[in-house]
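>>> Provide a 3D model corresponding to the input given below.
(2 chains)
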Amino acid sequence: MPPPAVHAHALRKHYPGSTGPALGGFDLTVPPGTVHGLLGPNGAGKTTAVRILATLLRADSGHAEIDGIDVAARPGDVRRRIGLVGQNAAVDEVLDGQRNLVMFARLLHLSPPDARRRAAQLLERFDLTEAADRPVAGYSGGMRRRLDIAVAMILAPAVLFLDEPTTGLDPRGRAEVWSAVRALVAAGTTVLLTTQYLDEADQLAARISVLAAPRGGGGRVVAEGTPDELRARIGGDRIEVVVRRPDDLPAAAAAVSRVAGSDAEVDTDLRRVSAPVADRMAALGATLSALAEADVAAEDLAVRRPTLDEVFLHLTDRVEVDA
Amino acid sequence: MSTSTTTAPDAPPAPAAGSPLRWALADTATLTGRQLAHLRARPGELAGALGFPILLLLMFAFLLGGMMQAPGGDYRQALAPGLFTMTMLFGLSATMVGVLTDAQRGITDRFRSLPMSAGAVLAGRAVSDMVVSTFALAVLLGAALLIGWRPTAGPGSALAAVGLLLLLRFALLWVGIWLGLVVRGPGALTAVQTFEFPFAFLSGVFVAPATMPAGLGLLAEWNPLSSTAAAARELFGNPGWEGGSWVAQHALVMAVLWPVVIVAVFAPLAVRRYRRMSR
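You can find the predicted model right below:
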């Protein structure tokens, strides 16, 4: 079996001069060819974790490997296997796209003809050929990010780190970056993506680690799994009924409680009744007929899964309470 | 076309083989090329950076010069080597801006995540800034000649003067790199730029330290800029200020010693700071 593309165990980091640790025992395993999302609020230690894995920062303790290679012992070998896209688009503003790629390809020790050829390939692949001879300063946020990712892909790294790749982008730039990342993943690149946007993790990542930093303690993974598994952790589907007239709320609550087999929650402001259900499709039919029997006029009826936002708040809140 | 065209169209090429030293030199050359490409892409910035010392030269020569009690009677002859020295000082903040900008934009981190030699990042900065400063000095020499400044001591001696000026620039380069790695944000940059001016005035760049109040005059005499300016005047064959103190008498020695001391202090500090970015 090949080694995991990324493996981290019990990483700890305390920045000199800061009050608490930034990472307090961080664990992560990413198999090759997958996209893993590192999700957490500001200050949870996402960037610290990525910087340790990318050899930019030394951990105080713990162990990390890229492709089976120890990041602390053999940083040079790790650097040949990674691509890093940090929070700032780390490309030269003054140079044009083509020159940026050729410069970084030369710094990766490609021969001049290889560097030029690779630059042309990547410009094409990231849809930047038309902008190749324009200074990066005039690029849109999405273009700049794509160039940034193209630079990180020069040597086709074993692992691509994307640290909040869409922070600060407009929706269009975001969509551009997402589609670029999807194309990379389709081609088999292992990606470790940090984000504070849940929809981004949901859209791109096969598995997600939720990072949280309890007060006084460093960031650590509080939950890990597929987006569906994480949703399942705070309970399954809920049925929701919004009634037209507030007067109907008690009748609707009775009908929904009967179907769900448990007391429904009533939100008077939103004129909404909700309850957890086991079988979503059966619950939908049964609720419809129960409402018709009770002569309740529903404005909206839906069975919905918890959003990742709810999962996220649930998980990170619990950590705050624990601490 | 070479061999790799036969592989799949999107296959990444393999890095070429080479000794670490060869790659360190190649990386330095690549990074120097980057800075020079900046100059080509934004000639306005260079023009601005050159325009300022030229403007100072004109202001001091034609607006203030009339009041100056210059040795030999022509203030321009003493002024020009002083302004060359001051231009070398301005290189400090230019270096600092470059280092700071790269750090803030994440470019330094990207360099550090590449399998390139760490020394090349600093060496690339050093070589390219020296190239730019040499060019700036050449332009300023030309401007000074145009307004009537005349070196009288022969080409070998003049070259030695240019060498001492660039040696000062090289020393201040390491101060600039160190500051660029230490400070955070544009506030510190403004502070350094603001400080450059009084630092130059508290020296023998524009006037004789003997004309200043005693304490300040002493400080001015020991300012490294004074030594380089005095040595440059001597080597260009221009009249200089009379100075009785030891440091003023030994301008040539001090113009070598000061930069060597500055490099000895700040180059290790800069390298250490760069290495410590991983803490």
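>>> rest of the way, CA atoms for contacts and neighbours
Fine.
>>> Just the buried residues of stretch A:43-50, please?
A:44, A:45, A:46, A:47, A:48, A:49, A:50 (16 or more other C-alpha atoms under 10 Å in any protein chain shown).
>>> Any chance of these in JSON lines with distance to chain B and pLDDT as columns?
JSON lines is the format used below for the buried residues of stretch A:43-50 (distance: C-alpha to the nearest C-alpha, whole Å; pLDDT from 0 to 100):
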{"residue": "A:44", "distance to chain B": "18", "pLDDT": "86"}
{"residue": "A:45", "distance to chain B": "15", "pLDDT": "90"}
{"residue": "A:46", "distance to chain B": "16", "pLDDT": "91"}
{"residue": "A:47", "distance to chain B": "12", "pLDDT": "91"}
{"residue": "A:48", "distance to chain B": "11", "pLDDT": "93"}
{"residue": "A:49", "distance to chain B": "13", "pLDDT": "94"}
{"residue": "A:50", "distance to chain B": "11", "pLDDT": "94"}
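>>> would CSV of the residues you listed with distance to residue B:176 and secondary structure be doable?
Converted to CSV, the buried residues of stretch A:43-50 look like this (distance: C-alpha to C-alpha, whole Å; DSSP: H, G, I helix; E, B strand; the rest coil):
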residue, distance to residue B:176, secondary structure
A:44, 34, coil
A:45, 32, coil
A:46, 32, helix
A:47, 28, helix
A:48, 28, helix
A:49, 31, helix
A:50, 29, helix
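>>> With distance to residue B:49 added, can I get these in CSV?
Formatted as CSV, these follow (distance: C-alpha to C-alpha, whole Å):
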residue, distance to residue B:49
A:44, 43
A:45, 41
A:46, 41
A:47, 37
A:48, 38
A:49, 41
A:50, 39
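>>> What helices and strands are in contact with the helix or strand where residue B:225 lies?
Using DSSP states H and E, residue B:225 sits in helix B:224-236. Judged by 3 or more C-alpha pairs under 8 Å, 6 or more residues apart in numbering or on different chains; DSSP states H and E, the packing partners of helix B:224-236 are helix B:75-105, helix B:155-182, helix B:246-249, helix B:251-275.
>>> how about these, which one is nearest chain A?
The closest of these to chain A is helix B:75-105. By C-alpha to the nearest C-alpha, the value is 5.7 Å.
>>> Quick check: mean pLDDT of the closest one?
Here helix B:75-105 scores 91 as its mean pLDDT.
>>> is chain A contacted by that helix?
Yes - against chain A, helix B:75-105 shows contacts by C-alpha under 8 Å from any C-alpha of the partner chain at residue B:105.
>>> Now do the buried residues in that helix.
Applying 16+ other C-alpha under 10 Å to helix B:75-105 flags B:75-103, B:105 as buried.
>>> tell me what it is packed against?
helix B:43-58, helix B:118-146, helix B:155-182, helix B:185-201, helix B:224-236.
>>> Give me the residues contacting the shortest one.
Looking back up the chat, that one is helix B:224-236. B:78, B:81-82, B:84-86, B:151-154, B:157-158, B:160-162, B:164-165, B:168, B:200, B:203-205, B:220-221, B:239-241, B:247-248, B:250-252, B:254-255, B:258-259 (C-alpha atoms under 8 Å, 6 or more residues apart in numbering or on different chains).
>>> Quick check: next helix or strand after the helix or strand hosting residue A:145?
Assigned by DSSP H and E, residue A:145 belongs to helix A:141-152. Helices and strands here follow DSSP H and E; after helix A:141-152, the next one along the chain is strand A:159-163.
>>> immediately after that following strand, which helix or strand?
Taking DSSP H and E, what comes next after strand A:159-163 is helix A:171-186.
>>> My guess is residue A:192 contacts residue A:158. True?
No - at 10.8 Å, residue A:192 and residue A:158 do not qualify as touching, with contact defined as C-alpha atoms under 8 Å.
>>> Grab the nearest non-local neighbour of the closest residue to chain B within the stretch 101-250 of chain A.
When scored by C-alpha to the nearest C-alpha, the stretch 101-250 of chain A has residue A:110 as its residue closest to chain B, at 4.6 Å. The shortest distance from residue A:110 to any residue other than its chain neighbours is 4.6 Å, reached at residue B:15 (C-alpha to C-alpha, 6 or more residues apart in numbering or on different chains).
>>> which residues sit in contact with the residue nearest the centre of chain B?
Among the residues of chain B, residue B:169 comes closest to the average C-alpha position under C-alpha atoms, centre = their mean, at 3.2 Å. Contacts here follow C-alpha under 8 Å, 6+ apart; on that basis residue B:169 touches B:88, B:89, B:91, B:92, B:130, B:133.
>>> pretty sure the fourth one is touching residue B:171, no?
When you say that, I think you mean residue B:92. No - between residue B:92 and residue B:171 there is no contact under C-alpha under 8 Å: 9.1 Å.
>>> Switch the contacts of residue B:169 over to a markdown table; also include distance to residue A:73.
A markdown table is the format used below for those (distance: C-alpha to C-alpha, whole Å):
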| residue | distance to residue A:73 |
| --- | --- |
| B:88 | 42 |
| B:89 | 41 |
| B:91 | 38 |
| B:92 | 36 |
| B:130 | 35 |
| B:133 | 40 |
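>>> Of the residues you listed, just say which sits nearest to residue B:49.
residue B:91 (9.3 Å; C-alpha to C-alpha).
>>> any idea of the mean pLDDT in stretch B:192-201?
In this model, stretch B:192-201 has a mean pLDDT of 88.
>>> ah, wrong one, I meant stretch A:159-179
Rounded mean pLDDT across stretch A:159-179 is 89.
>>> what's the span of that stretch from first residue to last?
End-to-end span of stretch A:159-179 (C-alpha to C-alpha, to the nearest Å): 18 Å.
>>> Identify the residues contacting it?
Contacts of stretch A:159-179 (C-alpha under 8 Å, 6+ apart): A:5-6, A:47, A:50, A:54, A:66, A:81-87, A:140-143, A:145-146, A:152-153, A:189-196, A:204.
>>> buried set for that stretch?
Buried residues in stretch A:159-179, counting neighbours by 16+ other C-alpha under 10 Å, are found at A:159-166, A:169, A:173-174, A:176-178.
>>> Then stretch A:3-20?
In stretch A:3-20, counting by 16+ other C-alpha under 10 Å, buried: A:4, A:5, A:6, A:7, A:8, A:10, A:11, A:12, A:13, A:14, A:20.
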